[in-house]
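Engineer: Mind folding the following:
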Amino acid sequence: MAYLDWIDDKDLKQAVTQILEQAVAAKKEAKEDFSKNVTDPFSALFEIAGFEVSHDQWIVNEQIRKAQKTLQNHIGEFHQNILGCANGWTNMKTGSVFDLINRDRKILAELKNKYNTVSGGKLSTVYDDLENLVSPKSSMYKGYKGYYVVVIPKKPTRYDIPFTPSDKEVGKKRRVNENIREIDGASFYELVTGHKDALEDLFSILPQVILDCSKGKYKIKDKEKLKAFFDLAYHKK
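Structural biologist: Next up is the predicted model:
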């Protein structure tokens, strides 16, 4: 039986294996860099005292923090890889002007993992990039809808609305264009797959996929507690 009915098992396992390898590499790099880089001794002293941890535990925590930051930079790429394997969708890979496209449905998307991935002052640039793709008569994407996708939104609500970020330089918002839109991750997964709970289904199956990809090495404990994080992010009850 397939893990999910909207993505091939091989593609899903490949995306999961890639992010697991990146996690291992990030942990190794953080450990190696820790011995090379200068550590703030004052910060270390007060953190050990204020957080009530031992010197050794502080070192472990600091390495995990740095590895976590590196890994988080790859999570958006993970979603891009997953969505790019859905029927009719193409992953444009790193370095392209945008991330995903469905030529039959005339949709293209720029995907970010979290609402604060792009600072407020640069959101207008995202808008301009999408407008330059879908609006000019000379563009091969004229008539497409361009989506700015925020996988983890600031508030746990679903939305698919015109994208109108503020431009601080001119002191006003970008004009409403129905073909330039902002959408949360759960809604975009539904748009891509046709399944309302596609993102939740993916999250729920990942512990098993991780276990299978690691040949039993990485067993996720406390799955229900981890599911609570998902419920908070997407207002599931």
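Engineer: Could you list the buried residues of stretch 23-32?
Structural biologist: Of the residues in stretch 23-32, 23, 26-27, 30 count as buried by neighbour count, 16 or more other C-beta atoms under 10 Å. For glycine as for every other residue, the C-beta is placed from the backbone atoms N, C-alpha and C.
Engineer: So which other helices or strands are in contact with the helix or strand that contains Val192?
Structural biologist: Taking DSSP states H and E as the definition, one finds Val192 inside helix 185-193. When contacts are defined as 3 or more C-beta pairs under 8 Å, 6 or more residues apart in numbering; DSSP states H and E, helix 185-193 packs onto helix 55-83, strand 107-114, strand 145-152, helix 198-213.
Engineer: Which of those sits closest to Arg158?
Structural biologist: helix 198-213 (10.5 Å; C-beta to C-beta).
Engineer: which residues are in contact with the helix or strand that comes right after that closest one?
Structural biologist: Proceeding N to C from helix 198-213, the next assigned helix or strand is helix 223-234, under DSSP H and E. For helix 223-234, contacts defined as C-beta atoms under 8 Å, 6 or more residues apart in numbering pick out 152-153, 156, 184-186, 199-200, 203-204, 207, 220, 236-237.
Engineer: Could you do stretch 131-142 as well?
Structural biologist: 97-98, 106, 108, 143-146, 174, 177, 179-180.
Engineer: Do me a favour and average the pLDDT over it.
Structural biologist: Mean pLDDT, stretch 131-142: 95.
Engineer: Buried residues in it, which are they?
Structural biologist: 131, 133-135, 141.
Engineer: now what about the helix holding Val192, what contacts it?
Structural biologist: Counting by C-beta under 8 Å, 6+ apart, 6, 79, 83, 86, 89, 100, 102, 107, 109, 111, 147, 149-153, 158-160, 183, 195-200, 202, 234 sit against helix 185-193.
Engineer: can you check stretch 85-103 too?
Structural biologist: 6-8, 11-12, 15, 77, 80-81, 83-84, 104-105, 107-111, 129-130, 133, 146, 192-193.
Engineer: try stretch 22-42
Structural biologist: By C-beta under 8 Å, 6+ apart, the residues outside stretch 22-42 that reach it are 59, 62-64, 66-68, 70-71, 74.
Engineer: Dump the C-alpha coordinates for that stretch into CSV.
Structural biologist: What follows is stretch 22-42 as a C-alpha-only set of coordinates in CSV (Å, rounded to 0.1, in the frame of the first residue of the first chain):
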residue,chain,number,x,y,z
GLN,A,22,21.3,17.1,5.2
ALA,A,23,20.5,16.8,8.9
VAL,A,24,23.4,14.4,9.5
ALA,A,25,25.7,16.7,7.5
ALA,A,26,24.5,19.8,9.5
LYS,A,27,25.2,18.1,12.8
LYS,A,28,28.7,17.1,11.7
GLU,A,29,29.5,20.5,10.3
ALA,A,30,28.3,22.2,13.5
LYS,A,31,30.5,20.0,15.6
GLU,A,32,33.5,20.6,13.5
ASP,A,33,32.9,24.4,13.3
PHE,A,34,32.5,24.6,17.0
SER,A,35,36.1,23.8,17.6
LYS,A,36,37.3,26.2,14.9
ASN,A,37,35.2,29.3,15.6
VAL,A,38,35.5,31.8,18.5
THR,A,39,33.0,31.3,21.2
ASP,A,40,31.6,34.2,23.2
PRO,A,41,32.8,33.3,26.7
PHE,A,42,30.5,35.8,28.4
